[in-house]
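Below are the sequence and a predicted model for it; my questions follow.
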Amino acid sequence: MGYNCRPPGFLERLVQRRVDYGSKTELNRCLTLFPLIIQGLAHMLGAGIFVITPSIVQTIAGPATCISYLISGFAAALSVLCYSDLAARYSCTGSAYVYTYFSLGELAAAITGFFLIGELIIQAPMLTLGLADNIDTFLINGTIGAWQESYFPDWMLHTDFLAIGIMVIFMVINIVGIKAVSFLNIAIAAVSVTSLLIFCVVALMYGNSDNLYKVVNPEDGRTGFAPYGVSGIITGAGTAFFAFVGLESVVTLAEEAVNPKRDLPRATAGSFLIVLVLYMLTAFSIAYFQPWYELTGNTGLIGSLGSRGLPIPKLIVTGGLIFTVFSCGLCTLTTVVRVVYSIAEDGLIFSFLSAVNKVTQIPIWNVVACTVVGTIGSIVYDFDTLSHMISGGTLSVFVITALAVIILSFDASEGYEQLTTEETPLTAPPQRSKKVLFAGLMSTFMVITTILAVLIAFTPFSTSVIVFEVFLGVSALICLILVRVKIPLKRDETDGSLSFVSPGKPFVQGLSILVNLVLLFHLEVKALKQLAIYCFVGMIIYFGYGIFFSKVTEEKQKILGDDSISLDSQDNSTE
């Protein structure tokens, strides 16, 4: 007699979860707390201060950009609590991708992974284009641009060969190893922070408070501290979220940290707090120094110093910009390589991308592949197009991470399983009842919160709308209260075994989901379309490849096969 031990079916594969394989890794565990903080600092600084902030001030929020950063910083702080909580629980690389795999299952993890890859792959060429433009404009007076116009046909003028060269440099440094990346980041971080503080001092010395609230844009007549209104501040906050992509950079190094469960939460929080203060100070200084409508795109900060006849500060800030954006681009490639490595190691994308070189302890083919894709992005798209594709994936990942914290912190099975015997009839609900209750409450919460976020983002203020929004908010809160009351926390949440536990579960995570959804719906249509593209590409790759080569499926089939052999042997021996 045999037993029917079937492998997981199609629908089961979509929701099957990965387990934590422990701290074993082929990567080089060499990073302590300080290099991890610098990794996050380097990634977040270059991404926003020099490249995006002038654009937000000029076209989205005006002088109120510092308020936009405060709002996005509040939302990011909620996400910092979520990432710190999960980093203290798991030591696997992959960040939000692997957290989603643990909590929501395989399909959701695949989509989350491609959200991450899409954002980072866009960020890398955007930074190299911005860096190349600043080098060409401010250091060599447009020599490269003039050379291309003289010797290349029109169809090649859009190709930025300096940006391509910078991507190749990123690739070589990453192939050398994580120690080389860490050493460069530490050196560059000192230069970056110093140059930013010098700019802020110069801006406050030579600026004018009238630039904050009295200047009038001659083109459209906009004026005041918030020339684009409250909507502009919220939209600016959504765009400014790009600055906090570096949070992913810290937790993706889990398998290269010496003590990940202790150091990752500290490094995530430490780098975030430092960067938030620098962002707000710099955004205020930019608006104080020069009328907001006179800023110019990705060279606005240095251009303003040049227009005021301040050559020495301009030279210092130019050097800081170049080094900072270089470091940020380097960190971006480092981060996307780790995310791709984690997904490939799970079999959801091509396995050769997880092959680690024994000498450098780096997945070299992965680095090369990510560099090629990033280089193609710098050829196909220009800076402005890339800058409008950002933030959507980041905000979506933050929503998913907050949801993962709730799912992984509460035990929907403990204490509800009873065996029915003649002496002990079934007097309590079966194990599945708590799972159904938990799933129902969280599904209801997500639907209500999404509707509430859409109303906040798109409907004008009125008494009836506000009353309905309050009703939805109270309904969502009731769902979370029922989760807290009816579903117990897991044992490790209360026994002190974790180095960090987020306070206020699940209410802090619920607020994080709402705030991030509101910011997401305030993004431009381009960003939302790009998000849909990430999702579509992710599903194509998953259903075309990943679902057939998933390591989780292989492990289940192997276990089932071994159990089947064992059971058949027992039956034969009994006979």
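All right, it came through fine.

what helix or strand does Ile456 sit in?
helix 431-458 (DSSP states H and E).

Let's test this: mean pLDDT of that helix, rounded?
Taken as a whole, helix 431-458 has an average pLDDT of 87.

Which positions within that helix qualify as buried?
Residues of helix 431-458 classed as buried under the neighbour-count rule (16 or more other Cβ atoms under 10 Å) are 434, 437-438, 441-442, 445-446, 448-453, 455-457. All C-beta spots, glycine's among them, are computed from the backbone N, C-alpha and C.

tell me what the following helix or strand past it is packed against?
Per DSSP H and E, the first helix or strand lying C-terminal to helix 431-458 is helix 463-486. Packing contacts for helix 463-486, counted by 3 or more Cβ pairs under 8 Å, 6 or more residues apart in numbering; DSSP states H and E, involve helix 431-458, helix 507-521.

Val216: neighbour count?
Residues near Val216, counting by other Cβ atoms under 10 Å, number 13.

can I assume it is in contact with Gly62?
No: judged on Cβ atoms under 8 Å, Val216 makes no contact with Gly62 at a distance of 11.5 Å.

joint contacts of the two?
Counting by Cβ atoms under 8 Å, 6 or more residues apart in numbering, the contacts common to Val216 and Gly62 are Arg222.

State the helix or strand in which the closest residue to Val191 other than its chain neighbours lies.
Distances taken as Cβ to Cβ, 6 or more residues apart in numbering put Phe323 closest to Val191, at 4.8 Å, once the chain neighbours are dropped. Per DSSP H and E: Phe323 is located in helix 311-345.

List the buried residues of that helix.
313-314, 316-345.

Tell me how many other residues crowd Val230.
12.

Let me see the contact set for it.
Counting by Cβ under 8 Å, 6+ apart, Val230 has no contacts.

Check it and give its pLDDT.
86.

returning to what we had before: pLDDT of the helix holding Phe323, averaged?
Here the average pLDDT along helix 311-345 is 85.

distance between it and the chain's centre?
15 Å (Cα atoms, centre = their mean, to the nearest Å).

i'd like the first residue to be 37 from this point on
All right, first residue 37 from here; so that's helix 347-381.

Tell me the first helix or strand C-terminal of that helix.
In the C-terminal direction from helix 347-381 (assignment by DSSP H and E), the next one is helix 400-416.

Tell me which residues are up against that following helix.
Counting by Cβ under 8 Å, 6+ apart, 157-158, 160-161, 164-165, 194-196, 199-200, 203-204, 206-207, 210-211, 369, 372-373, 376-377, 380, 388-391, 393, 422 sit against helix 400-416.

Widest-spaced pair of the buried residues of helix 467-494?
Across those, no pair lies farther apart than Lys470 and Ala493, at 34.3 Å, counting by Cβ to Cβ.

what's downstream of whichever helix or strand Cys118 is part of, the next helix or strand?
Counting by DSSP H and E, the element that carries Cys118 is helix 101-125. Counting by DSSP H and E, the element after helix 101-125 in chain order, helix or strand, is helix 132-139.

Which elements pack onto that following helix?
On a contact count with 3+ Cβ pairs under 8 Å, 6+ apart, helix 132-139 meets helix 142-170, helix 347-381, helix 428-445.

before we move on, the earlier item: helices or strands up against the helix holding Cys118?
Secondary-structure packing of helix 101-125 (3+ Cβ pairs under 8 Å, 6+ apart): helix 89-92, helix 265-276, helix 282-287, helix 296-325, helix 428-445, helix 543-557.

What about Ser533, how many residues nearby?
Ser533 has 12 nearby residues by other Cβ under 10 Å.

same thing with Leu67?
Using other Cβ under 10 Å, Leu67 has 26 other residues around it.

Please check which residues sit opposite it as beta-bridge partners.
Beta-bridge partners of Leu67, counted by DSSP bridges, are Ala293.

Contacts only, for the closest residue in space to Ala262 that isn't next to it in sequence.
Nearest non-adjacent residue to Ala262, counting by Cβ to Cβ, 6+ apart: Ala100, 4.0 Å away. With contact set as Cβ under 8 Å, 6+ apart, Ala100 has these partners: Phe261, Ala262, Tyr264, Gly268, Ile269, Gly272.

what's the first one sitting at in phi/psi?
As for Phe261, its main-chain torsions (degrees, to the nearest 10) stand at phi -70, psi -30.

surely it meets Val251?
No: in this structure, Phe261 is not within contact of Val251 by Cβ under 8 Å, at 10.4 Å.

the more surrounded of these two?
More crowded of Phe261 and Val251, by other Cβ under 10 Å: Val251, with 21 against 16.

Measure how the helix holding Cys118 sits relative to helix 428-445, angle-wise.
Relative orientation of helix 101-125 versus helix 428-445 (axes from the mean of the first three to the mean of the last three Cα atoms, to 10 degrees): 40 degrees.

Show me what counts as buried in helix 101-125.
Counting neighbours by 16+ other Cβ under 10 Å, one finds that the buried residues in helix 101-125 are 101-109, 111-125.

I'd like to know how far Phe543 sits from Lys471.
Phe543 is 22 Å from Lys471, where distance means Cβ to Cβ, to the nearest Å.

typed the wrong thing, it's Thr368
Distance from Thr368 to Lys471, by Cβ to Cβ: 39 Å.

Also Val409?
According to Cβ to Cβ, Val409 stands 40 Å off from Lys471.

Counting neighbours, what do you get for the nearest residue to Arg374 once chain neighbours are set aside?
Leaving out its chain neighbours, the residue that sits closest to Arg374 by Cβ to Cβ, 6+ apart is Thr288, at 4.1 Å. Taking other Cβ under 10 Å as the criterion, the count of residues near Thr288 is 29.

now Ala391
Neighbours of Ala391 using other Cβ under 10 Å come to 14.

Touching, it and Glu381? I think so.
No: using Cβ under 8 Å, Ala391 makes no contact with Glu381, being 9.7 Å away.

what about the stretch 187-336 of the chain, any weak spots by pLDDT?
187-195, 278, 332-336 (pLDDT under 70).

should've said the stretch 37-186 of the chain
By pLDDT under 70, the weakly predicted segments of the stretch 37-186 of the chain are 37-44, 57-59, 82-84, 86-87, 170, 173-174, 178, 180-181, 184-186.

give me the element Asn568 is part of.
Residue 568: Ala, not Asn. helix 561-577.

So what touches the helix or strand that comes right after that helix?
Using DSSP H and E, the helix or strand that follows helix 561-577 in sequence is helix 583-585. With Cβ under 8 Å, 6+ apart as the test, helix 583-585 has contacts from Phe46, Arg49, Leu50, Glu142, Gly383, Leu384, Ser387, Thr589.

what's around Leu289, how many residues?
Leu289, neighbours per other Cβ under 10 Å, totals 29.

isn't it right next to Leu72, touching?
Yes: contact criterion Cβ under 8 Å: Leu289 and Leu72 qualify, at 6.5 Å.

For those two, list the residues in contact with both.
Here Leu289 and Leu72 have Leu300 as joint contacts, going by Cβ under 8 Å, 6+ apart.

Would you mind checking the contacts of Ala100 for buried ones?
Buried residues within these, counting neighbours by 16+ other Cβ under 10 Å: Phe261, Ala262, Tyr264, Gly268, Ile269, Gly272.

and which of those residues is nearest to Tyr242?
Among the buried ones among the contacts of Ala100, Phe261 lies closest to Tyr242 (Cβ to Cβ), at 20.0 Å.
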